[in-house]
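**Q** Task: produce atomic coordinates for the following.
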Amino acid sequence: MAGHIIAVVGGKGGVGKSVFTANLAQAYLMELRQRPLLIDLDLASLGDQNLILGTRSPKTVVEISKLTGGALDLKALQPLMATTASGMSFISAPTDAIAARELDLEGLGKLLKAAPNIFPVVFVDCGSAIESATVKVFEYATMIYMVTTQDVIVVNQTKRAMSRIQDHLFPLDMVQVVLNRYVAASIVSPQVIQKNLNKTLFAAIPDEPETCAGALARSQPFVAAAPQAPITRAFHDVIRKIQQTNVLTQLAALKKPTGAAAKMQVIPGGGEISGRGGGGTSLSVVSKSTDMWTNLKLRIHKGLVETMDLKKQNVDMSDPKQKEALREKTRKAILDILAREDSGGILQNRDQSAQIVKEVLDEALGLGPLEDLLADDAVTEIMVNAREQIFIEKAGKPGLSPITFSSEQQMMNVIERIVSPLGRRCDEKTPYVDARLPDGSRVHVIIPPLALRGPTITIRKFPKKRIGAKELVEWGSMTQEIADFFRMCVEGRLNIIVSGGTGSGKTTLLNTLSNFIPTTERIITVEDAAELQLGQEHVVRLESRPKNIEGEGEVSIRDLVKCCLRMRPDRIVVGECRSGEALDMLQAMNTGHDGSLTTLHANNPRDAIARLETLVMMSGVNMPLKAIREQIASAVNVIIQQSRLSDGSRKVTYVTEVTGIQGEVISLQDIFIFKQESVDKKRRIIGRYVPTGFVPKFVEEMEEKGMKVSRGLFSSAK
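**A** Numbering: from 1, shown residues only. Here you go, the predicted model:
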């Protein structure tokens with residue numbers, strides 16, 4: 001009959017876990033007259049057990065893990081192990097930190113699988129960190145001893161360690177808490193510890209520092225050195241309790257997760273994946289049929305609804321602490337439900353179990369299958385065409401994602417979770433909506449009957465890291481000279497329009513320009529969906545509001561532009577001009593609000609002027625075309641054209657000055673242009689920025705304000 005592995009973990013460093021492990025193994029030997037094996041896997045302590053036991057093994061656990069020979073039996077292990085003075089078998093940890101990093105997990109698993117066939121009990125000193133080696137031990141262990149002390153910080157860390165164990169889907173019944181260095185007079189009583197850990201103590205080991213220190217000085221476990229000491233009797237009581245309660249046999253029947261899954265498996269719903277993008281950890285997913293996987297998720301969902309009604313949880317989701325607390329509470333509820341479920345044949349290893357917990361948690365509190373895509377920094381856009389078809393954009397190029405939704409109802413739940421916190425709705429009466437995620441990512445949703453293939457979701461992701469001029473220069477979107485020129489234009493209070501097509505990077509460039517505004521100025525931003533990330537403190541952010549279900553309550557961009565004129569702005573930044581607000585923006589630029597910034601859709605600077613004329617006409621004000629053009633020529637100083645090129649890159653392609661009006665035609669003069677020269681072997685565009693030789697008229701005004709502008713910047717001879 002195979003033996004058992006008992007893993008010993010410290011709730012925190014310094015709780016006496018190594019001494020506890022050595023003396024527990026010694027007590028087992030003396031009480032039952034059976035030889036145990038003690039493995040020192042505390043790779044951070046670098047050989048503490050060598051000092052406690054007074055010996056070291058010929059080969060360390062790391063060296064044994066790297067053996068590639070045949071089966072590990074007693075004959076093979078005998079020359080690799082040490083035998084202590086009292087008769088225990090012992091495998092040391094390495095005493096060198098570099099060597100400790102070379103542990104082979106597969107080889108460790110081979111040792112842990114073989115050892116219980118040779119020894120009745122194997123004690124493993126696992127250290128105080130729940131790391132990959134520790135998790136590997138748990139996979140083969142029957143019981144986990146968690147060692148704690150009467151210290152508030154230690155108890156708190158012990159609770160976190162137990163939560164980590166549960167995170168790896170090991171049943172908490174495996175964990176038996178031992179109170180070490182017990183003092184009756186301590187204010188942190190065993191009852192307090194049990195209440196905090198929600199776990200009954202398995203044993204309490206009295207504190208006898210003199211006995212422990214004396215035995216340690218002789219490099220001998222005190223169970224052998226001081227057989228009559230109260231602390232020794234406590235260890236013998238622990239061994240007797242293990243035997244009398246038959247706890248190891250009971251725990252051996254627990255359902256535990258097994259080792260890592262295969263490197264490549266099929267995702268429920270189709271496709272293959274080997275891990276998450278963006279440097280995330282690899283997640284293996286189930287290879288069983290979608291129906292079995294989905295049905296198990298539905299059962300867990302049902303159990304979750306019965307256990308806790310998430311809609312009735314009084315949680316402010318804008319509060320990170322409350323949000324995290326709800327997520328932790330929900331995760332534990334899912335783990336408890338999963339432990340009761342018959343998942344045989346579906347969840348064959350720990351990675352599959354972790355995957356289903358993650359999916360249920362994402363669907364209950366997050367955005368379901370979109371969570372992984374949102375977490376992938378390489379994904380810049382998510383385009384859900386239908387339930388089973390999700391395209392993503394990486395490096396400017398779209399591609400089909402293997403991830404799918406399980407149903408249209410799941411999609412509608414995700415949509416509701418996006419729009420509800422913003423006070424918006426999406427239903428048959430209002431079948432489309434613009435919204436944003438908490439991180440600022442822009443979302444557009446359109447549902448049946450307008451969307452024929454089912455709900456459609458488009459997410460323009462918001463970068464986690466603020467993108468500035470430095471990053472745009474590094475990516476080749478502009479040169480450093482042009483970035484410096486833009487800074488001078490903003491600081492010189494020129495009115496700037498960023499023009500470009502959809503997805504060309506207009507908002508990113510506008511955000512970069514906005515961050516050039518001096519911190520002493522009051523900035524008011526007006527947007528449809530708040531996306532701008534300004535680093536200044538003196539900023540007021542305004543966001544438009546659509547009509548409610550009764551068709552009332554709409555607040556347009558134009559309304560907000562009018563409002564901000566009464567708010568003493570030094571700068572007005574409008575996310576995008578799409579309609580009649582263009583007239584109000586021009587009037588603001590012409591009435592003392594110099595240095596305003598906005599964007600609009602157009603293919604080139606000349607088209608930007610034509611579109612601006614059209615938008616002004618949409619204001620409903622009956623103005624002659626010449627008057628409109630005079631307003632534009634007087635208000636706008638610079639047009640920056642941003643384009644997405646054929647290779648997916650985004651670049652500034654024109655920097656153009658509005659020089660005035662001649663007759664009825666607005667005069668434009670290019671200052672810089674991007675000239676495409678060729679493409680490389682990977683079809684990436686190669687080009688350079690070329691000054692046209694034209695020196696802008698506003699340079700003299702900037703110089704009058706004390707700004708130094710190098711005329712050589714505009715020389716076409718460069």
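**Q** ok, what's across the strand from Arg545?
**A** Val555 (DSSP bridges).
**Q** what bits of the stretch 351-500 of the chain have low per-residue confidence?
**A** The stretch 351-500 of the chain contains no residues with pLDDT under 70.
**Q** For it, just list every one of the helices.
**A** 370-375, 408-419, 469-474, 480-491 (DSSP state H, counting those that start in this stretch).
**Q** just how off-centre is the third one within its chain?
**A** In other words, helix 469-474. Relative to its chain's centre, helix 469-474 lies at 24 Å (C-alpha atoms, centre = their mean, to the nearest Å).
**Q** And that helix, what does it pack against?
**A** helix 480-491, helix 506-514 (3 or more C-beta pairs under 8 Å, 6 or more residues apart in numbering; DSSP states H and E). Heads up, the C-betas are built off the backbone N, CA and C, glycines and all.
**Q** what's the answer for the first one, then?
**A** Helices and strands touching helix 370-375, as assessed by 3+ C-beta pairs under 8 Å, 6+ apart, comprise strand 379-386, strand 456-460.
**Q** Okay, buried residues for the last one please.
**A** So the one you mean is strand 456-460. Neighbour counts using 16 or more other C-beta atoms under 10 Å place Thr456, Ile457, Ile459, Arg460 of strand 456-460 among the buried residues.
**Q** How about the second one: which residues does it bridge to?
**A** It refers to Ile457. Val384, Val445.
**Q** what sits against it?
**A** Contact analysis of Ile457 by C-beta atoms under 8 Å, 6 or more residues apart in numbering lists Leu370, Ile382, Met383, Val384, Met411, Val414, Ile415, Val443, His444, Val445.
**Q** cool, the last one as well?
**A** Remark: with contacts taken as C-beta under 8 Å, 6+ apart, Arg460 is in contact with Thr380, Glu381, Ser441, Arg442, Val443, Gly503.
**Q** if you set the cut-off to 7 Å instead, what comes out?
**A** Counting by C-beta atoms under 7 Å, 6 or more residues apart in numbering, Arg460 makes contact with Glu381, Ser441, Arg442.
**Q** gap between stretch 355-371 and the chain center?
**A** 13 Å.
**Q** ranking the helices and strands packed on helix 469-474 by burial, who's on top?
**A** helix 506-514 (a mean of 24; mean count of other C-beta atoms under 10 Å).
**Q** which strands and helices sit next to the next helix or strand after that one?
**A** Per DSSP states H and E, the first helix or strand lying C-terminal to helix 506-514 is strand 523-527. If you count contacts as 3 or more C-beta pairs under 7 Å, 6 or more residues apart in numbering; DSSP states H and E, strand 523-527 packs onto strand 539-543, helix 557-564, strand 571-574.
**Q** how about CSV for those, with mean neighbour count and mean pLDDT added?
**A** Shown next, in CSV, are the helices and strands packed on strand 523-527 (neighbours: other C-beta atoms under 10 Å; pLDDT from 0 to 100):
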stretch, mean neighbour count, mean pLDDT
strand 539-543, 16, 90
helix 557-564, 20, 87
strand 571-574, 25, 90
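**Q** where in the stretch 151-300 of the chain is pLDDT low?
**A** 255-292, 294.
**Q** so where do the helices sit in it?
**A** Going by DSSP H, counting those that start in this stretch, the stretch 151-300 of the chain shows helices at 152-167, 190-197, 209-217, 222-225, 230-245, 247-252, 290-307.
**Q** would you turn the ones you listed into TSV with mean neighbour count?
**A** Output for the helices of the stretch 151-300 of the chain, formatted as TSV (neighbours: other C-beta atoms under 10 Å):
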stretch	mean neighbour count
helix 152-167	18
helix 190-197	15
helix 209-217	15
helix 222-225	24
helix 230-245	17
helix 247-252	15
helix 290-307	16
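**Q** I'd like these written out as JSON lines, with distance to Arg436 added.
**A** Shown next, in JSON lines, are the helices of the stretch 151-300 of the chain (distance: least, C-beta to C-beta, whole Å):
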{"stretch": "helix 152-167", "distance to Arg436": "31"}
{"stretch": "helix 190-197", "distance to Arg436": "40"}
{"stretch": "helix 209-217", "distance to Arg436": "60"}
{"stretch": "helix 222-225", "distance to Arg436": "64"}
{"stretch": "helix 230-245", "distance to Arg436": "57"}
{"stretch": "helix 247-252", "distance to Arg436": "49"}
{"stretch": "helix 290-307", "distance to Arg436": "27"}
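**Q** on that earlier part again, please name whichever of the helices and strands packed on strand 523-527 is nearest to Val357.
**A** Each of those has some distance to Val357 by C-beta to C-beta; the shortest is strand 539-543, at 35.7 Å.
**Q** Figure out how far that closest one is from the centre of its chain.
**A** With C-alpha atoms, centre = their mean, you get 27 Å for strand 539-543.
**Q** Next, the angle from the longest strand along the chain to helix 480-491.
**A** As assigned by DSSP state E, the longest strand anywhere in the chain is strand 665-679. If you take axes from the mean of the first three to the mean of the last three C-alpha atoms, to 10 degrees, strand 665-679 sits at 150 degrees to helix 480-491.
**Q** Alpha carbons of strand 665-679, as CSV, please.
**A** Taking Å, rounded to 0.1, in the frame of the first residue of the first chain, the C-alpha atoms of strand 665-679 are listed here in CSV:
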residue,chain,number,x,y,z
VAL,A,665,-11.1,80.1,-51.4
ILE,A,666,-9.3,79.3,-48.1
SER,A,667,-5.6,79.3,-48.7
LEU,A,668,-3.6,76.3,-47.3
GLN,A,669,0.2,75.9,-47.2
ASP,A,670,1.9,72.6,-46.3
ILE,A,671,4.7,72.9,-43.8
PHE,A,672,5.7,69.3,-43.5
ILE,A,673,4.6,66.2,-45.5
PHE,A,674,5.4,62.5,-45.1
LYS,A,675,6.8,61.2,-48.3
GLN,A,676,6.6,57.4,-48.9
GLU,A,677,9.6,56.0,-50.7
SER,A,678,9.3,52.2,-50.7
VAL,A,679,8.3,49.2,-48.7
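**Q** Give me the buried positions along it.
**A** So strand 665-679, judged by 16+ other C-beta under 10 Å, has buried residues Ile666, Leu668, Asp670, Ile671, Phe672, Ile673, Phe674.
**Q** Using JSON lines, lay out those together with pLDDT and distance to Thr83.
**A** Below are those laid out as JSON lines (pLDDT from 0 to 100; distance: C-beta to C-beta, whole Å):
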{"residue": "Ile666", "pLDDT": "93", "distance to Thr83": "94"}
{"residue": "Leu668", "pLDDT": "93", "distance to Thr83": "90"}
{"residue": "Asp670", "pLDDT": "93", "distance to Thr83": "86"}
{"residue": "Ile671", "pLDDT": "93", "distance to Thr83": "84"}
{"residue": "Phe672", "pLDDT": "93", "distance to Thr83": "80"}
{"residue": "Ile673", "pLDDT": "94", "distance to Thr83": "82"}
{"residue": "Phe674", "pLDDT": "93", "distance to Thr83": "76"}
